Each structure stands twice: as C-alpha cells, then as structure tokens.
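J.: missing the sequence, but the structure's below:
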C-alpha cells in the first residue's frame, strides 16, 4: 500500500506556487469569499454580518437560497430571505454552503469552460458524494461541526481541477497512464509534475486564505496515519479520507479519477476516524440517503 509523502519541501512548494501563478485561467479569490473569510476571522461578527455579505452578491445568494430550500438542508421550502435562511439553518451551515458555492462557481466553472478532456462532471460528482459521506460520518462520531467536514470532503480534490487548468493535455496523459500502470494517481502525477494533486490543493487553499482545517483536508486526505486522530484537524482529515474511500467503494468511479480501494488499508482508515467497520456497514442505507439528498450540489 502506498501513501502520499507526509511533507512537501520548500523547493517543491515554490514550484507549486509558481504553477498556480502561471495559470492564465485560474480565477482569483472572489471578493465575496474574502469578505466571508473576514467574517469568520472576526470574533465579534455574527449571523447578521454573514447574511449581509451574501446578500450583496446576488448570484451567490440565489444559489445559497436554492440549496437551503433543498431536502438536504430543509423540508420547509419557504426560505426566501437570506437573513431568515441564516436564522433557520444556522450560521455554521450557511457559511460553509457559501464557501462551497463560491469555490465551485469559480474553479469548477473555469475547468468546464476550458478545452481539456477531464471528466469534470464525474470528478465533481465524486466530490459531492465524498462530502456527503464525510458529513454523515462526522455525525456518527459526534464531530462538533459536520458542515466543515462536508466542505473539506466536497473540495478535497480541488488540486485535480487546478492541474487540469494548468496542463490539460499532460494531465489527460497522466490519467490514461495511471489506468495502465495500476499505480495510485498521485504517483503518476508526481512523475510528470513533480508534485501531486493533494499538495496543489493545499497550496491553493493557502493562496485563497482558507482556514487551516481545510488546508489540511485538501493536502493530507491520502496520507497514511497510524492510530486514531487526536486533534480536531486530524479528525476532520480522517473523516474526509474515509469518506473518499467509501465514495469509491459504494459508488465505483465512472472514470480513472478515483483510486483503487485495494490500495488503501480500510481498517486503518476507519480507526483513524474513530469508527468500526461493522458500524459503518450498518449505516450504509442512511449514508446512501444522505448522498441522494446532497444531489443539489451536483448543479452549481
């Protein structure tokens, strides 16, 4: 079994940041996201501050309200005002929904408008499935904020989108070669680019000023860890990693962008997340229902 290198040296990080800066089609961090992150960083801010930031971005507000009224978040269907939306769903839920929508609308849309051959729809479907599973697992272990785990899962493969934006033809060859070699995709990425999608995802998250927890989820979800996660960040990463694994076993990948579940230690992944395999298997129907309810994220 292979795992990602646990560290990225300084020289490699400089190369990664140079790659990010060289992408002509790479969207810059949206102003609305900057304001949302400012609200998160301000201990004196609250729900009304977040609602005002979202309200001033009409396209974002429309998408937030559409998702808020979807079965995944509410059975009400009457949340027509962003302030009421925050009051009913809660500050934590709406802030994570806003972050997810903002990134998806920027980066995924950039890939969709490109000329590459990446099956971005399948990659995004896998991302949504991973996020929904990770959030459900977070509820099972009593994680304090399942919504942030959902965000970590939904955006965990953002580095793949970035590689597609940078070198669509080369990345297409990497993906095709991985199917023939049987090696993990990150190994083939390392051969061609000198770094893997997780390292790029982490650097992207840092450049967009994301919280440390999300930076870790993007960058460490394939790393091999022994024993149960101890800190909150470690647990979030473990839940995302297990969600990623389950997404590839419950719903087999429809492209070569996933990974072979046989290449990871399933028992260890469950132990890292603080769950027993038998308990997760007993909840598979509930997990599938959660995935189905999250389908509103498929079309952003």
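T.: Nice, I can see it. Quick caveat: nothing in here was measured; it's all calculated off a predicted structure.
J.: now the strands for the protein?
T.: With strands called from DSSP state E, the chain shows none.
J.: got the residue ranges for the helices in the stretch 201-300 of the chain?
T.: In the stretch 201-300 of the chain, the helices defined using DSSP state H, counting those that start in this stretch lie at 212-220, 232-250, 266-273, 277-282, 284-293.
J.: Report the rounded mean pLDDT for the helix ranked longest in the chain.
T.: The helix that spans the most residues within the chain, counting by DSSP state H, is helix 120-140. Averaged over helix 120-140, pLDDT sits at 95.
J.: and the angle from that helix to helix 232-250?
T.: 120 degrees (axes from the mean of the first three to the mean of the last three CA atoms, to 10 degrees).
J.: So which of the helices of the stretch 201-300 of the chain is nearest residue 65?
T.: Nearest of the helices of the stretch 201-300 of the chain to residue 65, taken as CB to CB: helix 284-293 at 17.1 Å. C-beta: built from backbone N, CA, C; applies to glycine.
J.: Please name the spatially closest residue to the residue of the chain most remote from its centre (chain neighbours excluded).
T.: Distance to the chain centre peaks in the chain at residue 78, reaching 28.3 Å (criterion: CA atoms, centre = their mean). Excluding the flanking residues, the one nearest residue 78 by CB to CB, 6 or more residues apart in numbering is residue 69, at 7.6 Å.
J.: Number of residues surrounding the one you found?
T.: Neighbourhood size, residue 69 [other CB atoms under 10 Å]: 19.
J.: got it, and residue 231?
T.: Neighbours of residue 231 (other CB under 10 Å): 10.
J.: for the one 3 residues further on, same thing?
T.: Taking other CB under 10 Å as the criterion, the count of residues near residue 234 is 18.
J.: just residue 130 next, same as before
T.: 30.
J.: And it, how close does it get to residue 138?
T.: 12 Å (CB to CB, to the nearest Å).
J.: Need the nearest residue in space to residue 74, chain neighbours excluded.
T.: Closest to residue 74 by CB to CB, 6+ apart is residue 68, at 6.0 Å.
J.: Hmm, the one you found is touching residue 78, no?
T.: No. Taking contacts as CB atoms under 8 Å, residue 68 lies outside contact range of residue 78: 10.3 Å.
J.: related to what we said a few turns ago, any chance of the helices of the stretch 201-300 of the chain in TSV, with distance to residue 102 and mean pLDDT too?
T.: Below are these laid out as TSV (distance: least, CB to CB, whole Å; pLDDT from 0 to 100):
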stretch	distance to residue 102	mean pLDDT
helix 212-220	13	96
helix 232-250	19	95
helix 266-273	27	96
helix 277-282	31	97
helix 284-293	22	96
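J.: wait, which of those is closest to residue 180?
T.: So among those, helix 232-250 is nearest, using CB to CB, at 19.0 Å.
J.: Taking helix 284-293 as reference, get the angle to that closest one.
T.: Using the same axes, to 10 degrees: helix 232-250 against helix 284-293 is 90 degrees.
J.: Mind giving me the packing neighbours of helix 232-250?
T.: helix 120-140, helix 146-154, helix 212-220, helix 266-273, helix 284-293 (3 or more CB pairs under 8 Å, 6 or more residues apart in numbering; DSSP states H and E).
J.: ok, and for that helix, which residues are buried?
T.: 233-248 (16 or more other CB atoms under 10 Å).
J.: Low-confidence bits of this protein, can you list those?
T.: 1-8, 252-256, 258 (pLDDT under 70).
J.: Can you give the domain ranges for it?
T.: If you go by automatic domain parsing, the domain ranges for the chain are 10-25+114-298, 27-108.
J.: Span of the shortest one from start to end?
T.: Taking CA to CA, to the nearest Å, domain 27-108 runs 10 Å from one end to the other.
J.: How about the first one?
T.: End-to-end distance of domain 10-25+114-298 (CA to CA): 36 Å.
J.: Same check on stretch 181-200?
T.: End to end - CA to CA - stretch 181-200 spans 23 Å.
J.: who's in contact with that stretch?
T.: 2, 4, 8, 12-13, 15-16, 19-20, 157, 159-160, 162-163, 167, 170, 173-175, 177-178, 218-223, 256-257, 259-260, 263 (CB atoms under 8 Å, 6 or more residues apart in numbering).
J.: wait, doesn't the residue nearest to residue 78 sit right on residue 77?
T.: Yes. In terms of CB under 8 Å, residue 69 counts as a neighbour of residue 77; the distance is 5.1 Å.
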